[in-house]
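Trainee: Here is my input; please provide its structure:
(2 chains)
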Amino acid sequence: MQTKTMTINMGPQHPATHGVLRVILEIDGETVVRCQPEVGYLHTGIEKTAESKLYYKALPMTDRMDYLAPMSNNLGYCLGVEKFLGVEIPEKAQWVRVLLAEVTRINSHLVWLGTHALDIGALSMVLYAFREREDVLSIYEAVSGQRMMSTYFRIGGLAEDLPENFDHLVRTLLKNISVRLQEYENILTNNRIWRNRTIGVGKLSAEDAIDAGVTGPLLRASGVNYDLRKARPYSSYEKFDFVVPTSNRCDCFGRYEVRMEEMRQSLRIIQQALDGIPPGRFRARAPGIVLPTKEETLYSMEALIYHFKLTTEGFSPPVGEVYQTIESPKGELGFYFVSDGTPKPYRMRVRPPSFVNIAALPKLVVGGLLADVIACIGSIDIVLGEVDR
Amino acid sequence: MLEFAVITGVKAFMVLNVLLLTCAWTTYLERRFLARMQSRIGPNTAGYRGLLTPIADLIKLLFKEDFIPAAAHKPLYLLAPLMAFIPAMLPLAVIPFGSTINLFGREINLVVSDFNLGLLFILAMTSLGIYGIIMAGWSPNSKFSLLGGLRSSAQMISYEIGLGMSLIGVIMLAGTLNLVELVEQQSSILDWYIVKQPVGFVLYLICAFAETNRSPFDLPEAESELVGGYHTEYSSMRFGLFFVGEYANMVTVSAVATTVFLGGWQGPFLPPVLWFVIKCFAFLFFYIWVRGSLPRFRYDQLMKFGWFVLIPIALANILITALFVLL
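Mentor: Residues are numbered from 1 along each chain as shown, chains lettered A, B, ... in the order given. Take a look at the predicted model:
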């Protein structure tokens, strides 16, 4: 009997592609023969726009890339520019940055957990995850006044000092999430259906993972212990005690395990950071690069001049280029700057983890079933804002 | 003869309306219960505590554009919702809601049609529902619908075998297919067939979930994979008919389970009809509970589970029951 394969166009408007991802699938019955992810439906031109903006003015745009991990994007951007300028960041700011970056990791992983479970059909998980995310968002709101696009980190430190209830909010988060994580595991980890749907699905060997350049939990679930927080510590991560979870399963369940454990480790880091926030300034004292505080501008003529100069002219890094990477919740997030000595970057380029990771999708799904495509997209954990920038 | 026709007509009219209302408010109950389980509030705006939500839904559906895809096979496309809807209603005709009551000096049986092959009739009618789904999957000429329709028909055919077999044990013990007699046999709780046929009951339960396309067997309409499955291309009240059909199926399956395994309307103190309603709703609640808790099966796993696990167990159950009956 002669049979024909069928081409299915999944997306860009499809409930399970987490935004406007388009996947062209060729299926034989329910088996996937060919898979081609197509990106670009959410292109916002952030990189190009940054070329026409002062360095500190491009910062809020980075929130909009991976909108589930705004603080991580801010951190990567700030670290890149700071590396360029050679600014020394006060210890307090560094610790708060680590703390909030880990809070952000929990934020991102919670949304991943909820949507991934929803795709596989566990309807309630998404609401539980979003309930806990509320704790994270209230921390964002307290520090920056914004729940999603926080832009709390600034070049040279933080935007404001920590609010009074910060300690209380973070402790609430620590208490709630550790209990709730156990509840999630009770719902999913030993659930037969969940295990059937994820174990052995979306296999990605360590070799393939390295070849494709994937990073983050996706790489660590293939048994490669590579985490930039350990490999190339930044923002004083070397002072914190945590374990990088890996799994040798190489499948969707492995990724689930890794991310669940990462959340636990994040809680550990948050606990350490919270208990040991050193006193001091929350912004570097670097006139011409970092804004002076409001009080300083009221009493000091120089501060006022620097304030005016910085907001109108910005600052000019030396001619050259710089690349800074951080471990965002989704993998290696890199910022590359080229400066021609003017106050605006000659070129800014982002290495988004989601974009590189989604390229591994065909490897994961070919030979699997249609339903596995959904599980795989979920387990890669992409944010289209970051893929297309 | 005329009197019989009038009485049956009135009963059929009542049952149909009660069923439709039950379907409508089951959607409301589901949304409320599910919301509670997911720490939400659920619909609470229309009417007292949102009790008028189903009516608002109905009005909304009626005023939507009735869209027909250009490439659709029109007659089948139009027929499909009816084919899914009507067979879902019919099985209620043979289910007894209570014992006889005395009204205007007449003995009235609380069953629309008391006939000897009741159980067979139910199985036949539930099988018919597949045609609606196949038509709905094929006629709009859409790939997502087609995949949904194929999955659905494969699933329903496989699980129907399990469903039928799970009832055979009861039929062998009871020696009748008449549902009224079946209920009368279960006068005390120890005579309920859930006690005599526990395996059969569990099998029935699982197959009933698959038969009604409910979570965790809701692959045909797996919205995360196939958008809406077989009803992707339907809008307005045609979509509504599928929806009501699905809930009518749920009610029917619950009513059959109540009648066959849980002693039907039998029960102490409360009036029989109330007992019937309570048991049915306990079942419906279980449906909602499961939906709130479990992920979804994958297509191949579902088929394997049906053919390699459920059907062998059902056969073994029949064999053992047969031995008991013989001895």
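
Trainee: Any idea how many residues pack against residue 48?
Mentor: Here I'm looking at chain A. 12 (other C-beta atoms under 10 Å in any protein chain shown). (C-beta placed from N, C-alpha, C; glycine too.)

Trainee: My question was about chain B, not that one.
Mentor: Neighbour number of residue B:48 under other C-beta under 10 Å is 7.

Trainee: State the distance from it to chain A.
Mentor: Distance, residue B:48 to chain A, using C-beta to the nearest C-beta, to the nearest Å: 25 Å.

Trainee: Look up the pLDDT of the residue of chain A at minimum distance from chain B for me, please.
Mentor: Taking C-beta to the nearest C-beta, chain B has its nearest neighbour within chain A at residue A:121, 2.6 Å off. At residue A:121, the model reports a pLDDT of 79.

Trainee: what's near enough to touch it?
Mentor: Shown in contact with residue A:121 (C-beta atoms under 8 Å, 6 or more residues apart in numbering or on different chains): A:193, B:215, B:216, B:218, B:222, B:224, B:294, B:295, B:296, B:297.

Trainee: cutoff 6 Å now
Mentor: B:295, B:296 (C-beta atoms under 6 Å, 6 or more residues apart in numbering or on different chains).

Trainee: Equivalent analysis for residue B:117, please.
Mentor: Listed by C-beta under 6 Å, 6+ apart, the contact set of residue B:117 reads residue B:177.

Trainee: Count residues in the vicinity of residue B:102, would you?
Mentor: If you count neighbours by other C-beta under 10 Å, residue B:102 ends up with 8.

Trainee: Output the below-cut-off pLDDT ranges for the chain.
Mentor: I'll assume chain A. For chain A, the stretches flagged by pLDDT under 70 are A:15-17.

Trainee: The chain in question should be chain B.
Mentor: Answering for chain B: the residues below the bar, that is pLDDT under 70, span B:220-228.

Trainee: mind running it again at 80?
Mentor: B:1, B:98-114, B:187-191, B:213-233, B:264-267, B:270, B:298-299, B:327 (pLDDT under 80).

Trainee: sec struct for the closest residue to chain A within it, please.
Mentor: Residue nearest to chain A within chain B: residue B:296 (2.6 Å; C-beta to the nearest C-beta). With DSSP: H, G, I helix; E, B strand; the rest coil as the basis, residue B:296 sits in coil.

Trainee: State the distance from it to residue B:11.
Mentor: From residue B:296 over to residue B:11 the distance is 39 Å, taken as C-beta to C-beta, to the nearest Å.

Trainee: Wait, a strand at residue A:203?
Mentor: No: read with three-state DSSP, residue A:203 is coil and lies in no strand.

Trainee: Can you pull the phi/psi pair for it?
Mentor: phi -70, psi 140 (degrees, to the nearest 10).

Trainee: How about the residues of chain A by chain B?
Mentor: Taking C-beta under 6 Å from any C-beta of the partner chain as the measure of proximity, chain A contacts chain B at A:8, A:15-16, A:30, A:119-122, A:124, A:127, A:131, A:193-194, A:196-197, A:371, A:374.

Trainee: from the residues you listed, which ones fall inside helices?
Mentor: A:119, A:120, A:127, A:131, A:193, A:194, A:196, A:197, A:371, A:374 (DSSP state H).

Trainee: out of those residues, which one sits closest to residue B:100?
Mentor: Checking these against residue B:100 with C-beta to C-beta, the nearest one is residue A:193 at 45.3 Å.

Trainee: For the closest one, give me its contacts.
Mentor: Residue A:193 neighbours (C-beta under 6 Å, 6+ apart): B:216, B:294, B:295, B:297.

Trainee: Please work out how many residues are found near the nearest residue to the second one once chain neighbours are set aside.
Mentor: If I follow you right, that is residue B:294. Once flanking residues are discounted, residue B:294 sits nearest to residue B:216: 4.2 Å by C-beta to C-beta, 6 or more residues apart in numbering or on different chains. Number of residues near residue B:216 (other C-beta under 10 Å) recorded here: 20.

Trainee: Test my guess that residue B:216 contacts residue B:293.
Mentor: No: Residue B:216 lies out of contact with residue B:293 (C-beta atoms under 6 Å); the separation is 8.8 Å.

Trainee: So which residues of chain B form helices?
Mentor: Assigned by DSSP H, the helices in chain B fall at B:2-37, B:53-63, B:74-89, B:118-138, B:143-174, B:179-185, B:193-196, B:198-211, B:223-226, B:236-261, B:272-293, B:299-304, B:311-326.

Trainee: in the longest one, what counts as buried?
Mentor: Which is helix B:2-37. Residues of helix B:2-37 classed as buried: B:11, B:15, B:19, B:22-24, B:26-35, B:37 (neighbour count, 16 or more other C-beta atoms under 10 Å in any protein chain shown).

Trainee: One more: stretch A:32-44?
Mentor: Buried residues in stretch A:32-44, counted by 16+ other C-beta under 10 Å: A:32, A:35, A:37, A:39, A:41, A:42.

Trainee: who touches it?
Mentor: With C-beta under 6 Å, 6+ apart, stretch A:32-44 has contacts from A:5, A:12, A:20, A:22-26, A:358, A:361-362, A:365-366, A:368, A:384-385, A:387-388.

Trainee: Mark which of these are buried, thanks.
Mentor: Going by neighbour count (16+ other C-beta under 10 Å), the contacts of stretch A:32-44 have A:12, A:20, A:22-23, A:25, A:358, A:361-362, A:365, A:368, A:384-385, A:387-388 buried.

Trainee: Please look at residue A:19 and residue A:384 and confirm they touch.
Mentor: Yes: the pair residue A:19 and residue A:384 qualifies as a contact (C-beta under 6 Å) at a distance of 3.3 Å.

Trainee: In the stretch 251-389 of chain A, what residue spans correspond to strands?
Mentor: With DSSP state E, counting those that start in this stretch as the criterion, the stretch 251-389 of chain A has strands at A:320-328, A:331-339, A:347-351.

Trainee: which residues make contact with the second one from outside it?
Mentor: Residues outside strand A:331-339 that contact it (C-beta under 6 Å, 6+ apart): A:76-77, A:80, A:215-216, A:317, A:319, A:321-326, A:345-349, A:351, A:353.

Trainee: Next: the first one.
Mentor: Residues outside strand A:320-328 that contact it (C-beta under 6 Å, 6+ apart): A:69, A:72, A:75-76, A:79-80, A:83-84, A:227-229, A:234, A:332-338, A:353.

Trainee: thinking again about what came up before, what's the farthest-apart pair in the contacts of residue A:193?
Mentor: For the contacts of residue A:193, the farthest-apart pair by C-beta to C-beta is B:294 and B:297; their separation is 8.9 Å.

Trainee: ok, the two, which is more surrounded?
Mentor: Neighbours per residue (other C-beta under 10 Å) separate residue B:294 from residue B:297, with residue B:297 holding more: 27 against 21.

Trainee: Quickly note the distance from that one to residue A:266.
Mentor: The span separating residue B:297 from residue A:266 equals 32 Å under the rule C-beta to C-beta.

Trainee: In contact with residue B:90, which residues are there?
Mentor: residue B:125.

Trainee: cool, and residue A:98?
Mentor: Residue A:98 touches A:235, A:273, counting by C-beta under 6 Å, 6+ apart.
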